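> could you look at this predicted model? Sequence included:
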Amino acid sequence: MTVKPHPTLIPQPGILDIAAYVGGESAIPGANRVIKLSSNENPLGPSPRATEAMTGALGKLAAYPDGGHAALRRAIGEVQGLDPARILCGNGSDECLALIAQAYAGPGDEVIHTEHGFGLYKINAQMVGATPVQVGETDLTTDVDKILAACNERTRIVFIANPNNPTGTLVGRAELARLAENLPPRALLVIDGAYAEFVRGADFDAGIGLVESRENVVVTRTYSKIHGLAALRIGWMYGPDHVIDALNRFRPPFNLNALALAAGEAAMRDVDYVERCSVLNEVWRDWLSRRLTEAGAPCTMSHANFLLADFGTRERAEAADAFLKARGLIVRRTASYGLPERLRISIGDEEGCRAVAASVAEFMTREGASA
């Protein structure tokens with residue numbers, strides 16, 4: 001819908017230049033049943049403990065929630081081995097990212113993001129009047145040298161997702177440390193760890209070690225992915241005390257509701273459930289990656305709960321998307337991420353993975369027969 005700007009009630013400069021973020025589709029008109037694989041949600045849903053805790057909080061809806069999120073921060077701290085005083089909770093990690101932009105960037109400043117990074121990084125820069133600077137990747141992976149080459153005295157924030165969305169690629173600990181070490185003095189490195197729990201490997205710490213050892217690194221996390229609580233909008237960040245203090249001065253005082261606080265605490269403490277979800281994701285991610293590659297749609301090496309499948313051309317990717325939709329399967333086009341020839345496919349349960357594998361194989365066979 002096109003809206004005509006008002007002649008006198010004018011938003012701040014740059015606001016009307018923002019292309020609004022559009023999430024993954026969730027419905028197919030006329031379809032009786034769909035399998036949604038477009039938003040990287042947990043097909044197993046939340047921990048039963050989280051559901052039980054949320055239900056128990058229903059009797060307290062007349063009272064304001066804890067504006068300091070003390071119990072939730074304590075649970076995160078105990079499970080993750082972190083200082084609760086350096087944890088800030090948000091209405092999804094999206095709010096944490098927005099708070100960082102509001103606090104540390106503005107007109108005349110630059111905010112760096114990678115060419116295939118999460119779309120909200122650019123939007124957050126535009127929202128505060130800063131200039132978004134897109135930096136190229138190498139083999140669909142964040143390139144530290146390219147980021148450092150783009151930095152200057154105006155650089156205030158560097159946003160990277162690790163693992164990255166929508167590519168699923170990962171930057172190692174040593175490279176992240178090199179990036180943090182060589183940033184300009186006034187620049188903050190923000191590591192978005194929305195998919196951190198899906199990484200399998202002892203050498204991965206989601207950037208926590210850098211936060212502990214440096215003053216210019218912040219890590220954000222979410223409950224929307226492995227914890228299966230996307231509807232409740234719970235996120236958190238861990239950072240230096242000076243960053244947490246600055247953000248706490250202006251964040252909304254009751255930005256998490258009581259149901260979210262209760263469910264979030266219980267979900268964080270159910271570490272066995274998180275591990276189970278991570279293992280099952282790895283099993284079906286690797287299985288589906290092999291099947292898609294065998295069918296002629298090779299995937300990047302993903303460390304998250306989705307695959308980025310290459311169909312060769314924009315036309316074939318769009319045709320594959322339509323073919324899948326006709327069979328009740330919703331995946332995510334990635335043209336808006338500069339990857340028009342690919343589709344991002346969330347890892348579903350066994351039924352969803354087998355349905356996608358069979359449908360893509362059928363589509364590619366038909367494409368080969370008609371070529």
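Ah, there it is. Worth saying up front: this structure is predicted, and the values here are computed from it rather than measured.
> can we go C-alpha only for contacts and neighbour counts from here?
Fine.
> neighbouring contacts of stretch 160-175?
113-114, 116-118, 140-142, 144, 189-196, 199, 203-207, 300-304, 306-308, 334, 337, 344 (CA atoms under 8 Å, 6 or more residues apart in numbering).
> out of the helices and strands in this protein, which is least certain?
helix 350-370 (a mean of 91; mean pLDDT, DSSP states H and E).
> burial count for Ser213?
Per other CA atoms under 10 Å, the neighbour tally for Ser213 reads 11.
> surely Glu137 and Gly117 touch.
No. The pair Glu137 / Gly117 is not scored as a contact, 9.4 Å apart, by CA atoms under 8 Å.
> strands of the stretch 201-350 of the chain, start to end?
Along the stretch 201-350 of the chain, counting by DSSP state E, counting those that start in this stretch, strands occupy 217-222, 235-238, 306-310, 329-330, 332-333, 342-346.
> now the helices for the chain?
Secondary structure of the chain by DSSP state H: the helices cover 48-56, 70-80, 93-104, 120-127, 144-150, 173-182, 208-213, 241-248, 258-269, 271-295, 314-326, 350-370.
> for the record, mean pLDDT for the longest one?
What that stands for is helix 271-295. For helix 271-295, the mean per-residue pLDDT is 98.
> counting by contacts, list what it packs against.
Contact here means 3 or more CA pairs under 8 Å, 6 or more residues apart in numbering; DSSP states H and E; on that basis helix 271-295 packs against strand 306-310, helix 350-370.
> point out the most buried one among the ones you listed.
Most buried of those, by mean neighbour count (mean count of other CA atoms under 10 Å): strand 306-310, with a mean of 26.
> that one to helix 314-326, inter-axis angle?
130 degrees (axes from the mean of the first three to the mean of the last three CA atoms, to 10 degrees).
> alpha carbons only: can I get strand 306-310 in PDB?
C-alpha atoms of strand 306-310 as PDB (Å, rounded to 0.1, in the frame of the first residue of the first chain):
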ATOM      1  CA  PHE A 306      17.900 -23.800   8.300                       C
ATOM      2  CA  LEU A 307      19.500 -24.500   5.000                       C
ATOM      3  CA  LEU A 308      20.200 -22.200   2.100                       C
ATOM      4  CA  ALA A 309      19.500 -24.200  -1.100                       C
ATOM      5  CA  ASP A 310      20.900 -23.100  -4.400                       C
END
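> name the helices or strands packed onto it?
helix 271-295, strand 342-346.
> apply 6 Å and report the result again.
The contact analysis (3 or more CA pairs under 6 Å, 6 or more residues apart in numbering; DSSP states H and E) places strand 306-310 against strand 342-346.
> tell me the domain ranges of the chain?
23-45+272-369, 48-270 (the TED database).
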